[in-house]
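Engineer: Next come a sequence and a model predicted from it.
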Amino acid sequence: MTERTINLHSELTYSVHSPTTILLKVAAMKTPRQTISNEILTVNPSTSVDYLQEGPLGNRACRVNLQPGSTTIHYSATASVEPKQPDNADLTELDYTDMPAEVLPYLNPSRYCESDKLGKFAADKFAHIDRGFNRVSQISEWVFNNLSYTPGSTGPSTTACDVLLQRTGVCRDYAHVAIALCRALGIPARYVSGYAVNLNPPDFHGFFEAYLGGDWILFDATRLAPISGFVRIGAGRDAADVAFATLIGQATLTAKTVQATDPQLVKESPADEALSTA
């Protein structure tokens with residue numbers, strides 16, 4: 001697939017009430033299919049920044065110590081993304097005995113994705129669908145059609161089962177429901193955080209990946225942005241692994257700006273193509 005060049009920008013302003021350490025995950029991931037250049041991270045007022053590599057997936061984090069007052073953290077970079085575009089017909093579901101060891105943890109229930117509680121529900125809805133890319137696409141489509149996207153409707157303790165009961169949520173909730181349903185059917189699935197071109201309103205975005213045919217394939221159950229305009233920040237079992245900011249101390253986020261721009265990108269349906277950037 002044609003390489004895309006996407007400009008990234010995020011800015012976070014905090015009112016810091018007492019000495020606080022913040023672990024940031026706003027820097028784009030570096031993978032064989034996603035290269036990062038022109039990268040700048042600044043903190044005002046200036047302070048030291050520890051750059052960390054987290055876990056086996058290559059998630060990047062920055063640890064910053066903040067003092068009382070107002071602090072603004074700015075990140076910008078250029079991402080060159082060249083997704084792999086496999087044939088949908090090749091994206092089969094692997095039997096458990098054929099799965100690589102590193103994908104097996106993404107079959108297990110996690111903090112926000114209680115797949116162990118959804119086995120019958122998932123089977124009733126999706127067991128009759130042909131296994132593979134089409135079934136995961138149908139799961140994503142079902143989530144899109146049966147949830148209402150409502151900013152502010154969920155909080156940091158809301159799980160996939162909570163969202164299924166209330167039928168409303170935001171991007172992370174859509175991803176959690178889809179992940180839980182995939183895992184309940186024996187399909188490894190994981191959460192991905194990132195930037196998204198044409199996302200409205202602009203913000204960090206949550207989408208998901210399913211392991212099909214030997215590749216991690218991207219899906220967005222919200223349909224708010226084209227998959228070919230995604231830039232990955234991090235991946236994990238669920239949103240708890242890739243929160244854009246984790247605070248140890250007392251600080252309040254007072255302003256947030258997030259942008260991803262690509263003038264060449266034409267908005268298309270996220271379900272139209274199978275893409276992998278892992």
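Structural biologist: Looks like it came in fine. Numbers count the residues shown, from 1 in each chain.
Engineer: Quick check: bridge partners of residue 168?
Structural biologist: Per DSSP bridges, the residues bridged to residue 168 are residue 148.
Engineer: hang on, it packs against residue 152?
Structural biologist: No: Residue 168 lies out of contact with residue 152 (Cβ atoms under 8 Å); the separation is 10.0 Å. (C-beta placed from N, C-alpha, C; glycine too.)
Engineer: Now do the same contact list for residue 202.
Structural biologist: By Cβ atoms under 8 Å, 6 or more residues apart in numbering, the residues touching residue 202 are 257, 258, 259, 260.
Engineer: what residue ranges in this protein are flagged as low confidence?
Structural biologist: By pLDDT under 70, the weakly predicted segments of the chain are 1, 265-272.
Engineer: Could you pull out the strands in it for me?
Structural biologist: Assigned by DSSP state E, the chain shows strands spanning 4-16, 20-24, 34-44, 49-54, 59-66, 69-81, 148-149, 168-169, 189-196, 205-212, 215-219, 230-236, 245-248, 251-261.
Engineer: what's the first one packed up against?
Structural biologist: If you count contacts as 3 or more Cβ pairs under 8 Å, 6 or more residues apart in numbering; DSSP states H and E, strand 4-16 packs onto strand 20-24, strand 69-81, strand 189-196, strand 251-261.
Engineer: so of these, which one's packed in deepest?
Structural biologist: strand 189-196 (a mean of 27; mean count of other Cβ atoms under 10 Å).
Engineer: and that one, what does it pack onto?
Structural biologist: Partner elements for strand 189-196 (3+ Cβ pairs under 8 Å, 6+ apart): strand 4-16, helix 171-184, strand 205-212, strand 230-236, strand 251-261.
Engineer: Out of these, flag the one nearest residue 84.
Structural biologist: Between residue 84 and the helices and strands packed on strand 189-196, the tightest spacing by Cβ to Cβ is seen for strand 205-212, at 12.2 Å.
Engineer: Quick check on residue 168 and residue 152: which one has the bigger neighbour count.
Structural biologist: residue 168 (15 against 7; other Cβ atoms under 10 Å).
Engineer: mind listing what that one touches?
Structural biologist: Contacts of residue 168 (Cβ under 8 Å, 6+ apart): 147, 148, 149, 150, 153, 154.
Engineer: Can you give me the distance of it to residue 200?
Structural biologist: Remark: distance between residue 168 and residue 200 (Cβ to Cβ, to the nearest Å) = 18 Å.
Engineer: ok, residue 181 touching residue 138?
Structural biologist: No: if you go by Cβ under 8 Å, residue 181 and residue 138 don't touch, sitting 10.0 Å apart.
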